[in-house]
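Peer 1: any chance you could fold what I've pasted below:
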Amino acid sequence: MRSICTSLRRQLQCQAFSLWVLVSLAVGAAQLQAQSAVGAAADLTGPTSVSGQVLNASTGLPISRALIRFNDRAMLTGHDGKFEFDLVTESAGSLQVIKPGFYSSLDPGTAAGLIHTGKITAPLQLRLYPEAVFSGMVVAPDGDPLAHIMVSARRSISDETGHRWIPEAQTQTDSHGRFRLPVPAGDYKLESMYLPRNRETGEAVLSAQVPAQSSSGTSDLLHIRSGEQQSFDLHPAVSRSYTVTATFDSIAGRGFPRITAHSGTGAAIALPVNFSRTAASGETRMELPSGTYKLTASILSPEGTEYGETTVTVTDHDVAGLVFHLAPVPALPVELLAEPQATPDDPQPSIQQLGLTLENVASDSDIFNSTIHPVTGRDRSVSFTVPPGSYRLRAQSHSSWYIRSATYGGSDLLQQALTIGPGAGGTPIIIAASDQTANLQGTCRLGGLPANCWIYLTPSTPSAESVFVEQSGADGAYNYAHLPPGTYQAIAFEQRHSADYRDPATLTPFATHIRTLTINTGEKSVLDLDAVSAAEIVP
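Peer 2: So this is what the prediction gives:
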């Protein structure tokens, strides 16, 4: 053990510049290789061994000198990537891998799982994914590199909870304006941060983004694969900045304001503000270069959240006297209508049990209201507090009920976005829930053998849930006990596979594994699935 630790210290010292990532073995990946055709369930009757091989998911080649931890034991893989723990007496244990520059999964939702040693009938195969790298420079319009500028890589993630952005990596440019961002494979945007005053030039450095954002507020994504390096230069505008001073016409100004400037090109700048409470209503100072901007301010005060907008044109001098006219953020009541129950003793769910959220439609949403959850008042009423914008209604129910319909005024929220303007509110969102569901069960197989897999059902009919997810057991069996009636596309994966399943292109590479089914109320249907193996996923 001492030699192992010494070797590990040497590895850490010579690779200190590398990104160390503690990677946890996904439940499905470990159990798949560990199970027999029928998912042997024999209890451990004596000492056994836990062995396997660590492979590069991109090349299929073995990975040497990866640190393997099984419970309180550890070892390094050999040149062939193999490892073995002998004289194992535990009936279960956790397996972890540490290797500089690798990730255990491309899915941020993957969690660690247990290895049941009594069910292991073959050596394990553990796949690690090489990190990808974004690199480049931040360059001023005159061609000079910009030092000490923050650059971030934000990853676009879609799963059963909806869409969100993850700040995957962030760094500061060096003295030559260069940056390097190691990330897991995925879809990204690169962005340099707004700097009100460059300490070297005294000028403002505006944010820049790759891919560039259009005037409509949309942009494409950068897709990067494991082990790949992509280089992009960011070219932010640089100009002198001026002080803009604003006050608020509400006592909510006692709170701390969050202000965003929206330029004519559709770019949004989260402004650093200097807030003073010396004035009765509070005074805010911010730095902006020349141009015309729509400023939006939100403030959380004891009375609740207030929101205001104003427009400012900055020319060649400081601007004072700007006023934000604040108003309470609209509250949209949520009313639940339960249909006659198919099962009389099935209790009606609460609104919270339906897992409702509002997801901001803005493709580049980098604001606090990207996902809004309902709040419960003192009178037990439920409402959404919704700043102006467009939103999709999402649900993630854990009860036996589902959302059959959702309306706001004349809008069908299962098929249309919820659009909220300044001063809106009062009109309720009407949710009709039903417990008249169906049942779907089956067996998931990998290579013809029952296996632990992840099953994804994507509704083809209007639904508040974008995808229904289940995990099969060690014997490959899965069961959707309360599935809304409708038509679905079904697919299974060896490992958890988060993606935007509403996008048809997501499943195109796996067309041979997709099954389509229609299930009616009260039916008990059976559907067996052949899973997509981890080796078929192009990392």
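
Peer 1: quick check: bridge partners of the residue minimising distance to the centre of the chain?
Peer 2: The chain has Ile157 as the residue nearest its centroid, 3.9 Å off, counting by CA atoms, centre = their mean. Note on Ile157: beta-bridge partners by DSSP bridges are Arg164.

Peer 1: now do the closest residue to Ala132 other than its chain neighbours against Pro130, distance only.
Peer 2: The shortest distance from Ala132 to any non-neighbouring residue, by CB to CB, 6 or more residues apart in numbering, is to Ile224 (4.3 Å). Yep, even glycine has a C-beta here, placed from its N, CA and C like the rest. Relative to Pro130, Ile224 is positioned 11 Å away (CB to CB, to the nearest Å).

Peer 1: over to Gln489?
Peer 2: Distance from Gln489 to Pro130, by CB to CB: 31 Å.

Peer 1: which one of these two is surrounded by more residues?
Peer 2: Taking other CB atoms under 10 Å, Gln489 and Pro130 do not tie; Pro130 has more neighbours (22 against 17).

Peer 1: ok, that one - contacts?
Peer 2: 56-58, 101-102, 226-227, 539 (CB atoms under 8 Å, 6 or more residues apart in numbering).

Peer 1: now, these that are in helices?
Peer 2: Among the contacts of Pro130, no member falls in helices (criterion: DSSP state H).

Peer 1: how about JSON lines for these, with neighbour count, distance to Pro184 and pLDDT added?
Peer 2: Formatted as JSON lines, the contacts of Pro130 follow (neighbours: other CB atoms under 10 Å; distance: CB to CB, whole Å; pLDDT from 0 to 100):
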{"residue": "Asn56", "neighbour count": "19", "distance to Pro184": "14", "pLDDT": "93"}
{"residue": "Ala57", "neighbour count": "24", "distance to Pro184": "11", "pLDDT": "89"}
{"residue": "Ser58", "neighbour count": "18", "distance to Pro184": "12", "pLDDT": "88"}
{"residue": "Gly101", "neighbour count": "16", "distance to Pro184": "11", "pLDDT": "92"}
{"residue": "Phe102", "neighbour count": "25", "distance to Pro184": "10", "pLDDT": "92"}
{"residue": "Ser226", "neighbour count": "21", "distance to Pro184": "8", "pLDDT": "92"}
{"residue": "Gly227", "neighbour count": "18", "distance to Pro184": "11", "pLDDT": "92"}
{"residue": "Pro539", "neighbour count": "22", "distance to Pro184": "9", "pLDDT": "75"}
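
Peer 1: can you show me the helices along the chain?
Peer 2: Going by DSSP H, the chain shows helices at 2-14, 27-34.

Peer 1: average model confidence for the shortest one?
Peer 2: So that's helix 27-34. The average pLDDT for helix 27-34 rounds to 37.

Peer 1: before we move on, the earlier item: how many neighbouring residues does the residue nearest to Ala132 have?
Peer 2: Neighbours around Ile224, by other CB under 10 Å: 21.

Peer 1: who does it form a beta bridge with?
Peer 2: Note on Ile224: beta-bridge partners by DSSP bridges are Gly186.

Peer 1: and it, how far is that from His79?
Peer 2: From Ile224 to His79 the distance is 29 Å (CB to CB).

Peer 1: list the contacts of the nearest residue to Leu55 once chain neighbours are set aside.
Peer 2: Among residues not flanking Leu55 along the chain, Arg127 sits closest, at 5.3 Å (CB to CB, 6+ apart). Shown in contact with Arg127 (CB under 8 Å, 6+ apart): 29, 54-57, 534-535.

Peer 1: okay, now the unreliable bits of the stretch 151-300 of the chain?
Peer 2: 213-219, 250-255, 265-266, 275-282 (pLDDT under 70).

Peer 1: can you get me a residue count around the nearest residue to Thr292 once chain neighbours are set aside?
Peer 2: Nearest non-adjacent residue to Thr292, counting by CB to CB, 6+ apart: Thr313, 4.6 Å away. Using other CB under 10 Å, Thr313 is surrounded by 10 other residues.

Peer 1: pLDDT score for Thr313?
Peer 2: pLDDT, Thr313: 94.

Peer 1: okay, now Gly264: neighbour count?
Peer 2: With other CB under 10 Å as criterion, Gly264 counts 10.

Peer 1: does it touch Gly291 like I think?
Peer 2: Yes - contact criterion CB atoms under 8 Å: Gly264 and Gly291 qualify, at 7.2 Å.
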